[in-house]
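[1] curious how this folds, go ahead:
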Amino acid sequence: MPITEGSPILQDLNNLLQVIINNSQDAPKNVQHNNAQNAVLFEAINLAIHLDSNSQICMQAAVLLGRYISSKETNVRYLGLETMAHLAACADSLEPIKKHQETIILSLRDKDISVRRRGLDLLYSMCDTTNSKIIVSELLRYLHIADYALREEMVLKIAILTEKFATEYSWYVDIILQLISSAGDHVGEEVWYRVVQIVTNNEDLQEYAAKTVLNYLKSPQYNETMVKVGGYILGEFGHLIANMPGCSPIEQFNSVHAKFGLCSLQTRALLLSTYVKFINLFPEIKAEILTVFNQYRHVLDAELQQRACEYIAIATMPTDDMLQTVCEEMPPFPERESTLLLKLNEKQNDTEDKRTWYPGGREANMERQEALKQIGQQRQSSTDSFSNQTSTTITPSAPPMPHDDTDLLGLGELQGLNLRDSFGNMVLTPGYDKWFNKLQYMTEGVLYEDANIQIGVKSEYHGHLGRIALYFGNKTQATLSQFLSEIENIAALTVMNPQPPTKTVPPLTQVQQLLNVECNDFFREAPSIRITFTSSTSGPQSILLKLPLVLTKFSEPIQNMDGASFFSRWKQIGGAPREAQVVFRAVNPIDLTFVKNMLAGYRFGLLEGVDPNAANMVAASVVHAGKAGKVGALLRLEPNVDQQMYRLTVRTTSELVSEQILVLLERALTYEA
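    Next up is the predicted model:
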């Protein structure tokens, strides 16, 4: 509990602290006496900072500490820098500390890494608009020779200081790109995400950033993070510099593409998106870019192949309407807490040093303390809620799965596919059906979306075999950790997973999971999929959905059946129980064009001119089920547009198949999902 202002105890403490400060002006010659005095002094200064960081005692302490950070003894230098950093993190005025700036900068070259680390903390805490350029340039100069153990933390701190204290747009761009160029592999994803966010949100930065990053890309040095930044910025804002010397469209494309072959698959995918934006911005280089797309139409990597094929299709449409829609300039990002600060806080929380203060100056220290307090309360609340929910919905026999949330890029050990016999009494996530119903007759689209995540699906089927790609997109500025997807095990289906998802999904990033599916028997219910993860902002999350894996996905349409053959087969199958029929009302006005497209989406072949009534629709398909064989399916749909009514009749040689097709089509036609 804090001591009441004016309390005699507070006055006594201050008097005692003043005596300790006064007695420490001269160093005893006896080594043991000196060590004991230093131990008492540093604890006294820390107490003085805790009581009142702007007191006269603390101002005297700042002067006294200047002597200790120049000591010949390593331990004394360490304690002096540590205590001075504590003072800088809490005091209103940094002027007494700035007097020792040159000495503190020299501590970065100390022979002991612990002293260098404390010097880095102190420079980070004492930086403000008056000395930021000096401190940042010194940190950049030291970065080249810094220990590998320090570099990632230094990169984060340089990026944060540059953003926080930049007074000129050009200085921010120059420093941050120099940082990315110098630090190489030590630049985390969160650094270039933040650069892109700031450039996108500040129009005055965009032209200068595009020109500067292009100059970096023209250099022979290869830096993958720089390529990512350059690809994004030029794709969005390259048109702003297209008329400048050395910045023509073809020069921009050549500068980026020269590094393409050296990049990882993830970066190549990003660059393909840059190229399609180039086509929109610079039609004169369309031929060169289409050549690249054609080269990647048949590569083994599914993501690159898919992007190349889709971009070719968009770029070669008769009009540019779709291209312009797809390539619209990115809107400004919502203002949120910097991911750099989140990452730095995470690193500091992971250390064994359990300080009650945090490097970064008084304002940042107070904000972070308050933020951590709120996050702690939110996490506790979310964890309690999650525990209460899962204790009644998850079967106790399920073994716990190990998780690792330290892999920021998601490139570490992969999590295998998890098949569950069932999800017990867990309730499907509310609102899932509006996406699920559409994906029953569509090959791709959104399966689920909320504030944290978007889940997309793309699929293709041939006979009783299918392939599904699930895309998990992190919409937040925080890493999604402990990421896991579990799929319900259905006896009629075999689900294999050649490419499981990663255990972490970085901010504003999409990861992919591939599923190979085999239909062995006819089935009614689509399997469920459960996605769980933990977000630093919203705590543990659990989402239970239905995969859009319905029986008709394993159908092949029949297109070449004439009227005589259709009705001959229709009569041969006969009525109930192989016939299923229903009369029902549509909720919305009947759109016959939509109905035809929907039937085709359910993989039925529409047979034109077969029914005597031209308003009716007849269709045929063959349902493939591996070991269970094939079943022919015929349907007749009789719409009454005026009354908004349908009569749907399905005939197959399997009672289960007839019933299931009827259920699927009735639901879709009723709501025209």
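[2] what lies in contact with stretch 30-47?
    Identification of contacts with stretch 30-47 by C-beta atoms under 8 Å, 6 or more residues apart in numbering yields 13, 16-17, 20-21, 23-24, 27-28, 58, 61, 64-65, 68, 76, 79, 83, 86-87. Where C-beta positions appear, they are placed from N, C-alpha and C, glycine not excepted.
[3] my bad, stretch 96-116
    By C-beta under 8 Å, 6+ apart, the residues outside stretch 96-116 that reach it are 59, 62-63, 65-66, 69-70, 74, 77-78, 81, 84, 87-88, 91, 118-120, 122-123, 126, 130-131, 134-135, 138-139, 142, 146-147, 149-150.
[4] tell me the domain ranges of this structure?
    16-126, 167-335, 418-549, 552-671 (automatic domain parsing).
[5] generate a ChimeraX selection restricted to the buried subset of the contacts of stretch 96-116.
    Of the contacts of stretch 96-116, the buried ones go into a single ChimeraX selection, burial set by 16 or more other C-beta atoms under 10 Å:
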select :62,65,66,69,77,78,81,84,87,88,91,118,119,120,122,123,126,131,135,138,139,142,146,150
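[6] can you redo the domains of the chain as TSV with mean pLDDT and distance to residue 9?
    Listed next are those as TSV, based on pLDDT from 0 to 100; distance: least, C-beta to C-beta, whole Å:
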stretch	mean pLDDT	distance to residue 9
domain 16-126	85	11
domain 167-335	88	45
domain 418-549	87	40
domain 552-671	91	73
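[7] pipe these into JSON lines and attach distance to residue 159 per row.
    Below are those laid out as JSON lines (distance: least, C-beta to C-beta, whole Å):
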{"stretch": "domain 16-126", "distance to residue 159": "11"}
{"stretch": "domain 167-335", "distance to residue 159": "5"}
{"stretch": "domain 418-549", "distance to residue 159": "15"}
{"stretch": "domain 552-671", "distance to residue 159": "47"}
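[8] quick one, which of these is nearest to residue 160?
    Using C-beta to C-beta as the measure, domain 16-126 is the one of the domains of the chain that comes nearest residue 160, at 8.0 Å.
[9] I'd like to know how many residues surround residue 601.
    A count of nearby residues for residue 601, using other C-beta atoms under 10 Å, gives 16.
[10] measure residue 32 to residue 19 for me?
    Between residue 32 and residue 19 the distance, using C-beta to C-beta, to the nearest Å, works out to 21 Å.
[11] quick one, which of these two is more surrounded?
    Remark: of residue 32 and residue 19, residue 19 carries more neighbours, 11 against 8, as counted by other C-beta under 10 Å.
[12] could you pull out the buried residues of the host helix or strand of that one?
    Element membership for residue 19 (DSSP states H and E) is helix 8-23. Buried positions in helix 8-23, judged by neighbour count with 16+ other C-beta under 10 Å: 13-14, 17-18, 20-21.
[13] list the contacts of residue 65.
    45, 80, 83-84, 87, 100.
[14] before we move on, back to that, and the helix holding residue 19, what does it pack onto?
    Helices and strands touching helix 8-23, by 3 or more C-beta pairs under 8 Å, 6 or more residues apart in numbering; DSSP states H and E, are helix 31-51, helix 56-68.
[15] including distance to residue 188, could those helices go into JSON lines?
    As requested, the helices and strands packed on helix 8-23 are exported to JSON lines (distance: least, C-beta to C-beta, whole Å):
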{"stretch": "helix 31-51", "distance to residue 188": "32"}
{"stretch": "helix 56-68", "distance to residue 188": "33"}
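[16] give me whichever of the ones you listed is most buried.
    The highest mean neighbour count among the helices and strands packed on helix 8-23, using mean count of other C-beta atoms under 10 Å, belongs to helix 56-68: a mean of 19.
[17] follow-up on the earlier one: mind checking which of the contacts of residue 65 are in strands?
    With strands taken from DSSP state E, there is no overlap with the contacts of residue 65.
[18] let me have these in a markdown table, adding distance to residue 434 as columns.
    Listed next are those as a markdown table, based on distance: C-beta to C-beta, whole Å:
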| residue | distance to residue 434 |
| --- | --- |
| 45 | 62 |
| 80 | 63 |
| 83 | 59 |
| 84 | 59 |
| 87 | 57 |
| 100 | 63 |
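[19] between those residues, which is nearest residue 296?
    Distances from residue 296 to the contacts of residue 65, taken by C-beta to C-beta, are shortest for residue 84, at 55.5 Å.
[20] quick one: residue 649 is in a strand?
    Yes: Residue 649: assigned to a strand according to DSSP: H, G, I helix; E, B strand; the rest coil.
[21] can you count the residues close to it?
    Neighbours of residue 649 using other C-beta under 10 Å come to 19.
[22] and it, what is it in contact with?
    579-581, 635-638.
[23] filter those residues to the buried ones?
    Buried members of the contacts of residue 649, counted by 16+ other C-beta under 10 Å: 579-580, 635-638.
[24] wait, residue 140 touches residue 177, no?
    No: the criterion here is C-beta atoms under 8 Å, and residue 140 misses it with residue 177 at 11.4 Å.
[25] between the two, tell me which one has more neighbours.
    residue 177 (21 against 18).
[26] and the gap between that one and residue 211?
    In this view, residue 177 and residue 211 are 11 Å apart by C-beta to C-beta.
[27] and if you look at residue 437?
    49 Å.
[28] just residue 251 next, same as before
    With distances taken as C-beta to C-beta, residue 251 is found 12 Å from residue 211.
[29] what's the neighbour count on residue 128?
    For residue 128, the neighbour count with other C-beta under 10 Å is 14.
[30] what of the one 4 residues further on?
    Taking other C-beta under 10 Å as the neighbour definition, residue 132 ends up with a count of 18.
[31] check residue 593 too.
    Number of residues near residue 593 (other C-beta under 10 Å) recorded here: 7.
[32] which positions in the helix or strand harbouring it come out as buried?
    Per DSSP H and E: residue 593 is located in helix 592-601. In terms of neighbour count (16+ other C-beta under 10 Å), helix 592-601 has its buried residues at 595-596, 598-599, 601.
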